[in-house]
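Undergrad: Output the structure for:
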Amino acid sequence: MVVDSADQIGSDLGPSIEKAQVLRGKRSKAGGILTSFDAESAKKAVQTLLSIQIGGEPVRKVLVEERLDIERECYLAVTYQGNQIYMIASSEGGVDIEEIRQSHPEKIVPMPIRITHGLDRQSVESLLQRAGFGADTPSVAEIALKLYDVFVKFDALLVEINPLIKAGNGEWFAADCKIELDDEAAYRLPKMDIPPRLGSGKEPTRLEVLARENDLIDSRGAAGRMFYEIEGGNIIVLAAGGGTSMEALDDLYSMGGKPAIFTEYSGNPTGEKVKGLTKIALTYPGDIDAIWVVGGRANFTDVYESLINGILAGIKETEGFDRTIPIIVRRAGPRDEEAFEVLRRARDEGYNIFIRGMATSIADSARMVIYQANKHRAARGRDNQ
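TA: Below is the predicted model of the structure:
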């Protein structure tokens, strides 16, 4: 059972395992898996897990399961390597599977699968024998065939059992599993009540969910597909996508800047999508001391559309926006001079806008945004916070 409170543990619970429900590997080494002998110790374990973070994600739910008498731990997965599907098996699994991959790669055996041919029992048993399953091969083959069926049925990118456990009574259990689905195939999958997750596995914040929904309102370009809310930051980064955005983020961090929101728009999105993205970013619950609109020279993205009908419109429609917040724009491309002229006129309305072109490097632009953010923060009496 999955619980979010120790009060949900029944008094008749016997020996059990408590697992923090976060999408992270090596939870055991991070203190995310505990063992208990009775209901009282299980309650204490749940309380402990609900009070910690793993990989920066707070633990909000805990899986409580019967503790197994483990005889053997193995590994089984189906995934892509490049464009080729592989089944991967190892007679040694568990938390140290990555170490085994490095120190004893021969113990992890892959087998390519032709999607047009499928998977037959003879091939599976051959793989398992080579992987060292021995007399357990027939039993594990049944599990492997079902695993492949799940992979195909749900358009998965990965299905993994780790560890696949043989209990003392001879029964096999999928003690922990992982599945990654192909987002592009979502339209043909049955409706599943799966909470949204970021690529990192972290549960998205409310703003991150809103940004993703914003990106889906129109198929033209991207605006919100990549969106990260970062606690403790004070700079909103609206990047124009591609390698430039990564360079900008690296420069900002290396110089001591603290992004509060990092998001991208790219592929010539509509102004409406970029406006929606901007308004979502500006609802960041913490202090905002600067906005950095950064990108390289666009080839086909309409700079006027994204800057004026998008970002500037989003700022103007944000109720209570503090016009003293510095807005540093480093951008170039189609219709950029038209856009810059509108931005210059916006200064007359009280907006604190700085316009820079390609003569200003991304690094120099990062220095400028950090300087202006610190200046704004000090003016608001927050410089020592």
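Undergrad: For stretch 246-255, give me every contacting residue.
TA: 235, 237, 239, 259, 262, 292, 294, 362-363, 365-367, 369-370 (Cβ atoms under 8 Å, 6 or more residues apart in numbering). To be clear about C-beta, it is placed using only N, CA and C from the backbone, and glycine gets the same treatment.
Undergrad: Return the distance of I100 relative to E160.
TA: 14 Å (Cβ to Cβ, to the nearest Å).
Undergrad: Which residue of those two possesses the greater neighbour count?
TA: Between I100 and E160, counting by other Cβ atoms under 10 Å, E160 is the more crowded of the two (22 against 17).
Undergrad: Around D289, count how many other residues there are.
TA: Neighbour tally, D289, other Cβ under 10 Å: 27.
Undergrad: Flag every buried residue along the helix or strand of the chain with the lowest mean pLDDT.
TA: The weakest-scoring helix or strand in the chain, judged by mean pLDDT, DSSP states H and E, is helix 97-103 (a mean of 76). Buried residues in helix 97-103, counting neighbours by 16 or more other Cβ atoms under 10 Å, are found at I97, I100.
Undergrad: who touches the next helix or strand after it?
TA: Under the assignment DSSP states H and E, the closest C-terminal helix or strand after helix 97-103 is strand 108-113. If you take Cβ under 8 Å, 6+ apart as the criterion, strand 108-113 is touched by 75, 78, 81, 84-90, 97, 100-101, 119, 123, 126-127, 130-131, 148.
Undergrad: Now stretch 218-232: average pLDDT?
TA: For stretch 218-232, the per-residue pLDDT values average out at 90.
Undergrad: quick one: the helix or strand that contains F340 to chain centroid distance?
TA: Using DSSP H and E, F340 sits within helix 336-347. Averaging C-alpha positions (Cα atoms, centre = their mean, to the nearest Å) puts helix 336-347 36 Å from its chain's average.
Undergrad: quick revisit: using TSV, lay out the contacts of stretch 246-255 together with distance to A222 and secondary structure.
TA: TSV is the format used below for these (distance: Cβ to Cβ, whole Å; DSSP: H, G, I helix; E, B strand; the rest coil):
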residue	distance to A222	secondary structure
I235	21	strand
V237	15	strand
A239	11	strand
P259	19	strand
F262	14	strand
W292	19	strand
V294	16	strand
I362	20	helix
A363	25	helix
S365	22	helix
A366	23	helix
R367	28	helix
V369	23	helix
I370	27	helix
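Undergrad: Closest one of these to K273?
TA: Checking those against K273 by Cβ to Cβ gives A239 as the nearest, at 14.8 Å.
Undergrad: Near A260, how many other residues are there?
TA: When neighbours are counted by other Cβ under 10 Å, A260 comes out with 24.
Undergrad: Also V329?
TA: 24.
Undergrad: What residues are bridge-paired with the nearest residue to it once chain neighbours are set aside?
TA: Distances taken as Cβ to Cβ, 6 or more residues apart in numbering put V293 closest to V329, at 4.5 Å, once the chain neighbours are dropped. Beta-bridge partners recorded for V293 (DSSP bridges): L238, V329.
Undergrad: The chain should start at 417 in everything you say after this.
TA: Will do, 417 is the new start, and the previous item becomes V709.
Undergrad: unless I'm mixing things up, V709 is touching S722, no?
TA: No: the pair V709 / S722 is not scored as a contact, 9.0 Å apart, by Cβ atoms under 8 Å.
Undergrad: So how do I select the buried members of the contacts of stretch 662-671 in PyMOL?
TA: Buried subset of the contacts of stretch 662-671, written as a PyMOL selection, criterion 16+ other Cβ under 10 Å:
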select buried, resi 651+653+655+675+678+708+710+778+781+782+783+785+786
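Undergrad: Make JSON lines out of the contacts of stretch 662-671 and add pLDDT and distance to L597.
TA: Formatted as JSON lines, the contacts of stretch 662-671 follow (pLDDT from 0 to 100; distance: Cβ to Cβ, whole Å):
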{"residue": "I651", "pLDDT": "98", "distance to L597": "34"}
{"residue": "V653", "pLDDT": "97", "distance to L597": "29"}
{"residue": "A655", "pLDDT": "95", "distance to L597": "27"}
{"residue": "P675", "pLDDT": "97", "distance to L597": "29"}
{"residue": "F678", "pLDDT": "96", "distance to L597": "25"}
{"residue": "W708", "pLDDT": "98", "distance to L597": "34"}
{"residue": "V710", "pLDDT": "96", "distance to L597": "33"}
{"residue": "I778", "pLDDT": "95", "distance to L597": "36"}
{"residue": "A779", "pLDDT": "96", "distance to L597": "39"}
{"residue": "S781", "pLDDT": "97", "distance to L597": "38"}
{"residue": "A782", "pLDDT": "97", "distance to L597": "37"}
{"residue": "R783", "pLDDT": "97", "distance to L597": "42"}
{"residue": "V785", "pLDDT": "97", "distance to L597": "38"}
{"residue": "I786", "pLDDT": "97", "distance to L597": "40"}
